[in-house]
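Colleague: Model the following, please.
(3 chains)
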Amino acid sequence: MSQVEQRLADMGITIGDAPAAAAKYLPFVISGNLIFVSGQLPMQDGAIKCQGKLGADVSLEAGEEAAKICAINIISQLKAAVGDLDRITRIVKLGGFVNSTADFSQQPAVINGASNLMFDAFGETVGAHARAAVSAPALPFDVAVEIDAVAEFK
Amino acid sequence: MSQVEQRLADMGITIGDAPAAAAKYLPFVISGNLIFVSGQLPMQDGAIKCQGKLGADVSLEAGEEAAKICAINIISQLKAAVGDLDRITRIVKLGGFVNSTADFSQQPAVINGASNLMFDAFGETVGAHARAAVSAPALPFDVAVEIDAVAEFK
Amino acid sequence: MSQVEQRLADMGITIGDAPAAAAKYLPFVISGNLIFVSGQLPMQDGAIKCQGKLGADVSLEAGEEAAKICAINIISQLKAAVGDLDRITRIVKLGGFVNSTADFSQQPAVINGASNLMFDAFGETVGAHARAAVSAPALPFDVAVEIDAVAEFK
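Modeller: This is a model prediction of the structure:
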């Protein structure tokens, strides 16, 4: 088991099968030593875990948890891409989209659910990433959060 | 004529002049073997083809068609970048923004209009890309869809 | 002083300390010869300079100015990344998010505030970038504009 998966296991998180793409595209593409991961949704065991909007029917805590599940799915895709997660040399960038009302302004706190998991799973150096966190008025299947990623591997 | 343009011609699609940037920036930038394509709009022969919002005045079919036109414009930019489209080794990533109401949740179906064209034009290997599909509450010139892209070439 | 900073100084712009990340992530990450800059907000001397929505309480001029401040902060991050800004060989891509109402369609004009500064600071070749400009229904801390970036350096 990779060190990354051991750390995740210590937090009670298992990296399962990577979710399939929702349409005619791929969940990740490798170019050079970069992995571009498609926008991941808060799917767990094939089911959507968190629907609705921050600022209305989804609490900040539920939004953070949704972001964490997106991050777990990003890690699943990275594992599918490189096999051994210890080959990941850097989480380069997360792009976080929060399904929210027009008066919600805590996008960073929501996406922290994903950022914190990356630090916990990959450590302070490899897990430290750039990111953008913005709102969207709506997201696929009415999920609360969607996050895409770029990672570097060797 | 490149194989890619032949396939497009067989579908009745001609790759014309690449649309100019709407302001003081470039329609694409090359860095290493990656081409970063600016957000493309559903422009055809200099005119905007699809305005309005999904979930309100734009149907799913019209949205898919708008996404397809964005994809044709991405391909036009790639041709302007590398000359021969057969030099494109991978459509790496599409970033799709759907102009929609807050209760619209079929962003993937809309952006499929672009994804399907990439598969049809570049084939299953080169055309297979990562992507994100989200909504925006508004887009430039009130277009229904905007899509940016990263592609790899040799 | 780098040529880039001299040009900025001639415009009355000083590149100060780069803003800290708003949460558990980094303001930039280097991968290969690319710098991925996190979404920058219109922060100046630690204070948010422009809050609200285009199309409602923020004028086009104020939005452009907010985009310009985001660009100054992107340049601050690039300086923190490479030390000497003359090492930047290309502003590759800007991703601009405009906090707006659903009927606002001048995203390009707003983000021009950032694009123009990149041209002025880095010159026509290095400063010429790809970009996407879209709206978001809400942004962190209710800022009017958020912009992330990819740049190339040697």
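Colleague: Just the closest residue of chain A to chain C, please.
Modeller: A:A132 (3.4 Å; CB to the nearest CB). To be clear about C-beta, it is placed using only N, CA and C from the backbone, and glycine gets the same treatment.
Colleague: That residue against C:D148, yeah?
Modeller: Yes. Here A:A132 reaches C:D148: they are 4.3 Å apart, a contact under CB atoms under 8 Å.
Colleague: Can you check which strand is longest in chain A?
Modeller: Assignment by DSSP state E gives strand A:88-99 as the longest strand of chain A.
Colleague: Could you please give me the overlap between the contact lists of A:A132 and C:D148?
Modeller: C:38-39, C:95 (CB atoms under 8 Å, 6 or more residues apart in numbering or on different chains).
Colleague: returning to that earlier point: hmm, the longest strand of chain A touching chain C?
Modeller: Yes. Counting by CB under 8 Å from any CB of the partner chain, contacts between strand A:88-99 and chain C involve A:90, A:92-94.
Colleague: A:D86: neighbour count?
Modeller: Here the count is done by other CB atoms under 10 Å in any protein chain shown, and A:D86 has 17 residues near it.
Colleague: and the residue of chain A found nearest chain B, what pLDDT?
Modeller: Taking CB to the nearest CB as the measure, chain A has A:G39 as its residue closest to chain B, at 3.4 Å. Here the pLDDT value assigned to A:G39 is 98.
Colleague: contacting residues for it?
Modeller: Per CB under 8 Å, 6+ apart, neighbours of A:G39: A:95, A:97, A:140, A:146-148, B:131-134.
Colleague: Make TSV out of those and add neighbour count, distance to B:D57 and secondary structure.
Modeller: Formatted as TSV, the contacts of A:G39 follow (neighbours: other CB atoms under 10 Å in any protein chain shown; distance: CB to CB, whole Å; DSSP: H, G, I helix; E, B strand; the rest coil):
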residue	neighbour count	distance to B:D57	secondary structure
A:G95	23	29	strand
A:F97	30	24	strand
A:P140	26	21	helix
A:E146	26	25	strand
A:I147	30	30	strand
A:D148	24	29	strand
B:R131	30	25	strand
B:A132	24	25	strand
B:A133	31	20	strand
B:V134	27	20	strand
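Colleague: now the strands: where do they sit in chain A?
Modeller: Using DSSP E, strands in chain A cover A:28-31, A:34-40, A:43-44, A:47-48, A:88-99, A:130-136, A:145-153.
Colleague: The longest one: how far from the chain's middle?
Modeller: The gap between the average C-alpha position of strand A:88-99 and the chain average comes to 7 Å, counting by CA atoms, centre = their mean, to the nearest Å.
Colleague: The longest helix seen in chain A - contacts with which helices or strands?
Modeller: Identified as the longest helix of chain A according to DSSP state H is helix A:60-82. Counting by 3 or more CB pairs under 8 Å, 6 or more residues apart in numbering or on different chains; DSSP states H and E, the packing neighbours recorded for helix A:60-82 are helix A:3-10, strand A:28-31, strand A:34-40, strand A:43-44, strand A:88-99, helix A:107-126, strand A:145-153.
Colleague: Let me have the ones you listed in TSV, adding distance to C:F119 as columns.
Modeller: Output for the helices and strands packed on helix A:60-82, formatted as TSV (distance: least, CB to CB, whole Å):
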stretch	distance to C:F119
helix A:3-10	42
strand A:28-31	28
strand A:34-40	28
strand A:43-44	42
strand A:88-99	24
helix A:107-126	29
strand A:145-153	26
